[in-house]
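1. everything below, folded, please.
(one chain, ligands or ions: 1)
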Amino acid sequence: MIKKRIIVLASGSGSNFQALIDYAKNNEVSYEICGLIVNIPNVYAIERAKIANIPSKTINHKNYENRADFEIALHDAFIEMGAQIVVCAGFMRILGADFVNKWDGKMINIHPSLLPKYKGLHTHQRAIEAGDKYGGCTVHFVNSGVDEGAIIGQAQVPIFESDNEQDLAKRVLEKEHKLFPICLEMVASNQAKLEKGKCLIDGVEKIISL
Ligand code: GRF
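-> Numbering: from 1, shown residues only. As a prediction, this is how the structure comes out:
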């Protein structure tokens, strides 16, 4: 089978990036990770790429006068690396509509909350402060809204009275590492598709639930 060429965007540790690498090692998958792009120099995700023999590139947003120039550099790198699907794995930059629309249905993101609850940052603290009984994570197609694209999959975890933000983040991250590769595989194998703003799995509007 011809594997889809994946480019991963990260801004930090890259544990989700690592989960995608490991899943591909241990399973028959329809994707191959052809490159990593980070926007912050020397983050640990680069080390993970080196160990896995995946080419990496640092495109530091601080080196560009404006977001449009930064996104042109990103897009050029995607083309150069032959990207067919772009995977945001802890990528902490907001991408503009023009840029995102070029990758409509071919860009996915993982977010550490049960969207549509808690878009944006500090998701775990907000869930704890709201007294929620459950937290979780969501994989979705990226659109021009922030954390608003069609949902592909979700995984839920309990929130305990004694939890602090770190406790919940750790519990959710473990689920992220399981959910993300499965959702990526569904997109790479064309089982999950974006159609008219909805995620269709095998032609039916539904999401993957772990
Ligand atoms: C994850 O919790 C992800 O949901 C969020 O940022 C974190 C990235 O972690 N967007 P890592 O860099 O993949 O370890």
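
2. what is the burial count for the residue nearest to Asn101 when sequence neighbours are not counted?
-> Once flanking residues are discounted, Asn101 sits nearest to Ser144: 6.7 Å by CB to CB, 6 or more residues apart in numbering. C-beta coordinates here come from the backbone N, C-alpha and C atoms, glycine included. Neighbour count for Ser144, taken as other CB atoms under 10 Å: 15.

3. ok, Ser144 touching Lys102?
-> No: the pair Ser144 / Lys102 is not scored as a contact, 11.2 Å apart, by CB atoms under 8 Å.

4. pull the longest helix from this structure.
-> Ordering each helix of the chain by length in residues (DSSP state H) puts helix 165-188 first.

5. get me the contact residues on the chain for the ligand.
-> 10, 12-16, 89-90, 110-112, 137, 173, 176 (CB under 6 Å from any ligand atom).

6. helices of this protein, residue ranges please.
-> Under DSSP H, the chain gives helices at 15-26, 44-51, 67-81, 97-102, 123-129, 165-188.

7. ok, back up a step: pipe the residues of the chain next to the ligand into TSV and attach pLDDT and neighbour count per row.
-> Shown next, in TSV, are the residues of the chain next to the ligand (pLDDT from 0 to 100; neighbours: other CB atoms under 10 Å):
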residue	pLDDT	neighbour count
Ala10	98	28
Gly12	97	16
Ser13	97	16
Gly14	98	24
Ser15	98	17
Asn16	98	27
Ala89	98	25
Gly90	96	23
Ile110	98	24
His111	98	24
Pro112	98	23
Cys137	98	27
Leu173	98	19
Glu176	98	24
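
8. how about the contacts made by Pro134?
-> Slight slip there: residue 134 is Tyr, not Pro. Leu114, Gln156, Val157, Pro158, Ile159 (CB atoms under 8 Å, 6 or more residues apart in numbering).

9. in terms of contact, does the fourth one touch Lys133 like I think?
-> Same thing as Pro158. Yes: using CB under 8 Å, Pro158 makes contact with Lys133 at a distance of 6.8 Å.
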